[in-house]
Structure formats: structure tokens, C-alpha cells
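J.: sequence? don't have it. structure:
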């Protein structure tokens, strides 16, 4: 396993298709592991603070098989036929993953450092510096059709222009003065034509009336930053955003409220223009108050599990039934909730009545604090960045 040893920073971590249903009447929430008869939702968690985070634990056991250069991560539990490998370790709180047009894996660390890795026999090799920005960096994405790397960090979005030789220019500010507080701006998803990107922006509080309409919203921003609009609202902390590879629809995770302490799940939502997703008064399938006209989640996760990074499976390595499934990283709960989350969930999406429904199940567990996921464009593997252990895992289907 390749590794890079860096000091650990104890900075604030922010981990904190069809037409979606609207909240016209309270409905019964579906258990996380069951098929949803109606759209379901998932658990949330606010930004975990280092002082309240469970004590660090050792990364899952890694053993090196005799016939393979890639070390097996035997502590990662997966469905039969899948295997996890430790792709790269020694990272300083990785927060986001993105593949470039050069097929290299780009990794953002929370301290604003972005670098890339090549691949050799299932190992991350030949690290290259890409960019360095200030603040708490939570999202990176490439603009389609270009080598330009966009970076979401506290209150700002930067772009580092990429060159043919793989180098990057000094990052320049595209957007600034984004409101921050309890949460901040999160991850980035571009439209397929590369003209606009979506940016999740978290709330400044657990539950309040925001002064700035950009707080607790999803923004739609032109690639040059000149045009900005609130695309959807009522999303407490929409950490992960991704475009459905077949339909082009926008989906997002959302962290539910901390108070009340029970009954408020985290969510997976299909995002529509001008949609209201209920925060702060309404959650789940019509729980809380003032739910009329708000949009139900497609799927729910365990409360306080901190549903964050997400990716649609668009590769060819996994069995066919995984195509266009959603993988969601659950960062996990704070003390006294040390066993909440800390896994990667699989969401199977269907449209039996023209509305998206999600069936949620655990795909991978054994992590410390998984935060970001990405699908390899060439190998079809699922890559998982563990913010807690500093390891990037590579999960592949080997049959059996």
C-alpha cells in the first residue's frame, strides 16, 4: 500500500428522474433496510466537532496476498463477491474525490491540499501536487470537457486551470462570500455541458430562519461565477450532489436536524428547480410542521448518521443490477453515538408510479469515518475516502 505521512489537523469537519413527491399529508417512514413503498429518508448529523468525536481507532486490518501487489483491507465488510483493497494511506482527513480526464484520481484534504494519483496494479502511485487553497475544503470537481479543477472551500469556490502537461495554474476565486456558520458550502456537481455547476450550501444553525437565502440551499452557478441563483431551498446541509447518469436529474444528500434528538432522518433527495425540502420545520414523510407543498425525500438513512458524499454507479465492473445505483457515505455519529453510520449505503432507485423511490441497504462497513465516494472511469471500481483513518479504499467485484 502506498502511503504519504502528513500531520493530522484537528480542524472543524463539516461532516457535519421522475417527479418528486410533495408533502401533502404525513406518511409512514420506511425502515432503512426495507423497500420503500413511498419515498424514504435517511438519518442526519450536524457538523461533527473534534472534541465530540469518538476516539480514533485503528484502520481496518490490511494484509498483502502473495499473488497481488494490492493489499487487501480485510476489515471492510462487503457482500459476497466483492473485495476491498487499501489503495492509498497516510492522508490528512480526505474529504472529496474526483477523476480527471487523465484518469488520475484527485484527492482533496480538509486543509485545502489537492493532489492526484496514478494507478499501478491497484495501487495509488506517483502523487502530483494539483492545488492548495485556504479554509476547510470539502469538494472538488472537474468541469466537463476541460482540465479545469473547481474547489469548494470555506465561503469560496476556486478554479485551478489545468494544462495539457498535467500541471495547474494558481487557483483563482470564482465565487466568494458564501455564508458559513454551523455548516458551509459543500460539494460540487457540474451539468453535463459544463456551463453550470450545483453547489450545496449548509445552514448556519441547527434550526433557524436564515437571513441569507443562500444558506441551507443548493445554488446553481455559471462556470465563470457571473450568474448565481438559489436553485432549491430547505436543505439543512446538502453535502453531496450528483447528476443521474441516465436522466440528467440532480440528486443530493442532506443532513437532518440535531434537535429533536430522535426521529429526524438524513435524506437522499431528487432536486427540482424552486423546490422546498422542508427545513427547518418539516422532515421525513411529513413529520414536524408546515409540510404542505414541501418535497419528500427519495430515501432515508439512520438519524444522525451524517449522509455525505454520494456517487452514481456508472462503471462496468460491478454486476448489472448495480448500474445507476447510488452509493452514499455515512460519516457517522458523534459521542454518545459511536456506532451510528460509519458505512457506505447502497440505494436502488425505481420509479414504479413515475416517482423516484429508494431501497436502502448497507454495502460496505468497517470504516472509521467514510466521507467521499467516486467511481473509476476505467476500472469501474468504487473508491471510498475514509476521513477518519486517512485511507482511500478501492472496492472491486471479483465474482464468487
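T.: That came in fine, so what should we check first? Since this is a predicted model, take the numbers as computed values, not measurements.

J.: and the nearest residue to residue 181 once chain neighbours are set aside, how many neighbours?
T.: Excluding the flanking residues, the one nearest residue 181 by Cβ to Cβ, 6 or more residues apart in numbering is residue 204, at 2.7 Å. In this view, the C-beta of every residue, glycine as well, is placed from N, C-alpha and C. Neighbour count for residue 204, taken as other Cβ atoms under 10 Å: 17.

J.: can you check residue 353 too?
T.: Count around residue 353 with other Cβ under 10 Å applied: 10.

J.: and it, what element?
T.: Here residue 353, judged by DSSP states H and E, is contained in no helix and no strand.

J.: would you mark the buried spots in stretch 372-385?
T.: Buried residues in stretch 372-385, defined by neighbour count with 16 or more other Cβ atoms under 10 Å: 372-376, 379-385.

J.: gap between it and the chain center?
T.: 13 Å (Cα atoms, centre = their mean, to the nearest Å).

J.: thinking again about what came up before, pretty sure the residue nearest to residue 181 contacts residue 180?
T.: Yes - counting by Cβ atoms under 8 Å, residue 180 is a contact partner of residue 204 at 7.0 Å.

J.: what's the spacing between the nearest residue to residue 195 once chain neighbours are set aside and residue 374?
T.: Nearest non-adjacent residue to residue 195, counting by Cβ to Cβ, 6+ apart: residue 223, 6.0 Å away. Relative to residue 374, residue 223 is positioned 21 Å away (Cβ to Cβ, to the nearest Å).

J.: one step back: relative to residue 220, how far out is the residue nearest to residue 181?
T.: Distance of residue 204 to residue 220, given as Cβ to Cβ: 20 Å.

J.: state the three-state secondary structure for the most centrally placed residue in the chain.
T.: When the chain is reduced to its mean C-alpha position, the closest residue under Cα atoms, centre = their mean turns out to be residue 309, at 0.9 Å. Taking DSSP: H, G, I helix; E, B strand; the rest coil as the rule, one finds residue 309 in the strand state.

J.: now do the contacts for the residue nearest to it when sequence neighbours are not counted.
T.: Of all residues beyond its chain neighbours, the one nearest residue 309 is residue 372 (3.9 Å), with distances taken as Cβ to Cβ, 6+ apart. By Cβ atoms under 8 Å, 6 or more residues apart in numbering, the contact set of residue 372 is 94-97, 308-309, 329, 384-385, 387.

J.: taking these one by one, which sit in helices?
T.: Nothing among these maps onto helices, per DSSP state H.

J.: redo those as JSON lines? Include distance to residue 171 and pLDDT.
T.: Compiled in JSON lines, the contacts of residue 372 are given as follows (distance: Cβ to Cβ, whole Å; pLDDT from 0 to 100):
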{"residue": "94", "distance to residue 171": "18", "pLDDT": "98"}
{"residue": "95", "distance to residue 171": "16", "pLDDT": "98"}
{"residue": "96", "distance to residue 171": "15", "pLDDT": "99"}
{"residue": "97", "distance to residue 171": "18", "pLDDT": "99"}
{"residue": "308", "distance to residue 171": "23", "pLDDT": "98"}
{"residue": "309", "distance to residue 171": "21", "pLDDT": "98"}
{"residue": "329", "distance to residue 171": "25", "pLDDT": "99"}
{"residue": "384", "distance to residue 171": "26", "pLDDT": "99"}
{"residue": "385", "distance to residue 171": "21", "pLDDT": "99"}
{"residue": "387", "distance to residue 171": "22", "pLDDT": "98"}
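
J.: any quick ChimeraX command for the buried ones out of the residues you listed?
T.: Command for ChimeraX, covering only those of the contacts of residue 372 found buried under the criterion 16+ other Cβ under 10 Å:
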select :94,95,96,97,308,309,329,384,385,387
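
J.: export the contacts of residue 372 to JSON lines and tack on distance to residue 191?
T.: As requested, these are exported to JSON lines (distance: Cβ to Cβ, whole Å):
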{"residue": "94", "distance to residue 191": "26"}
{"residue": "95", "distance to residue 191": "23"}
{"residue": "96", "distance to residue 191": "19"}
{"residue": "97", "distance to residue 191": "20"}
{"residue": "308", "distance to residue 191": "22"}
{"residue": "309", "distance to residue 191": "19"}
{"residue": "329", "distance to residue 191": "23"}
{"residue": "384", "distance to residue 191": "26"}
{"residue": "385", "distance to residue 191": "24"}
{"residue": "387", "distance to residue 191": "28"}
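
J.: tell me the one of the contacts of residue 372 nearest residue 256?
T.: residue 308 (12.5 Å; Cβ to Cβ).

J.: what about the strands in the stretch 51-200 of the chain?
T.: 62-63, 72-73, 82-89, 94-99, 105-109, 113-120, 123-132, 139-142, 149-153, 156-160, 172-175, 185-190, 196-201 (DSSP state E, counting those that start in this stretch).

J.: worst average pLDDT in those?
T.: Lowest mean pLDDT within those: strand 62-63, at a mean of 40.

J.: picking up where we left off before, tell me the pLDDT of the residue nearest to residue 309.
T.: pLDDT at residue 372 comes out at 99.

J.: what separates the spatially closest residue to residue 118 that is not a sequence neighbour from residue 224, distance-wise?
T.: Distance criterion Cβ to Cβ, 6+ apart; nearest residue to residue 118, sequence neighbours excluded, is residue 126 at 4.3 Å. Separation of residue 126 from residue 224 (Cβ to Cβ) stands at 32 Å.

J.: just residue 356 next, same as before
T.: As defined by Cβ to Cβ, residue 356 lies at a distance of 32 Å from residue 224.
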